[in-house]
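**Student:** I need the structure of the sequence given here:
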Amino acid sequence: MPSTSDPRIELADPQAYIKRQTGLVGDRDPLEVLGSTPNAIGQLIAGHDAAILRRRPFEGKWTPTEIIGHLIDVEWTYGFRTRMIAAHDQPALTGMDQDLWVSAQRYNACDAHDLADAFASMRGVNLAFWTGMTEAELDRYGVHNERGNESLRHIRMLIAGHDLWHLDQLRRYVEAAADLRA
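**Tutor:** Next up is the predicted model:
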């Protein structure tokens with residue numbers, strides 16, 4: 001069960017963020033989590049039209065559509081970071097302002113189902129990259145400007161935990177958006 005603490009505080013505290021994300025994965029295989037996420041997103045939004053998924057069920061929070069857009073942004077970001085680590089020795093990794101990215105992409109003007117399909121395609125490419133890594137490659141690392149050294153093995157756990165966090169959020173937000181009157 002995800003933490004009920006304010007995620008903005010946890011994003012500002014790198015160690016709290018890492019603990020939350022990796023704790024969600026627990027003993028699960030991160031590759032299995034990563035592989036199951038596209039289907040889980042599809043199941044959560046199935047039967048809901050784009051207008052419902054664009055509803056903002058909680059003031060100042062993302063819509064279900066924006067959550068999926070955020071997952072796309074993260075897939076791009078971590079896809080780039082992991083390739084940098086695989087190809088370069090200890091590359092610098094830059095953080096991102098997730099709210100600015102979601103806003104700049106205007107995700108809420110998109111169809112959530114199209115975004116889910118795009119995410120699934122991107123995840124497929126990145127999952128193939130992950131599954132092809134050797135144990136030695138997983139120990140390669142980059143230097144994140146906010147969190148310090150991050151190995152590919154560690155990043156894989158972070159992404160899996162990130163998926164689980166946002167799948168729970170997406171479930172709650174879709175339910176709340178569907179309950180709102182148009």
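
**Student:** Can you tell me the SS state at the residue sitting nearest the centre point of the chain?
**Tutor:** In the chain, the C-alpha nearest the mean C-alpha coordinate belongs to L71, at 4.1 Å (C-alpha atoms, centre = their mean). Per DSSP: H, G, I helix; E, B strand; the rest coil, the secondary structure class of L71 is helix.

**Student:** contacting residues around the residue lying closest to it once chain neighbours are set aside?
**Tutor:** Distances taken as C-beta to C-beta, 6 or more residues apart in numbering place F119 nearest to L71, at 5.4 Å, with adjacent residues excluded. C-beta here means a position set from N, CA and C on the backbone, and glycine is covered the same way. Residues in contact with F119 (C-beta atoms under 8 Å, 6 or more residues apart in numbering) are 38, 41, 68, 71-72, 75.

**Student:** Can you pull out the low-pLDDT segments for the chain?
**Tutor:** Counting by pLDDT under 70, the ranges of the chain that qualify are 1-11, 182.

**Student:** what about the strands in it?
**Tutor:** Remark: strands assigned in the chain by DSSP state E are 92-93, 141-144, 148-151.

**Student:** just checking, what packs against the last one?
**Tutor:** Which is strand 148-151. Secondary-structure packing of strand 148-151 (3 or more C-beta pairs under 8 Å, 6 or more residues apart in numbering; DSSP states H and E): strand 141-144.

**Student:** ok, the nearest residue to H70 once chain neighbours are set aside to T94 distance?
**Tutor:** In space, and not counting its chain neighbours, H70 is closest to V102: 5.3 Å by C-beta to C-beta, 6+ apart. V102 sits 17 Å away from T94, going by C-beta to C-beta, to the nearest Å.
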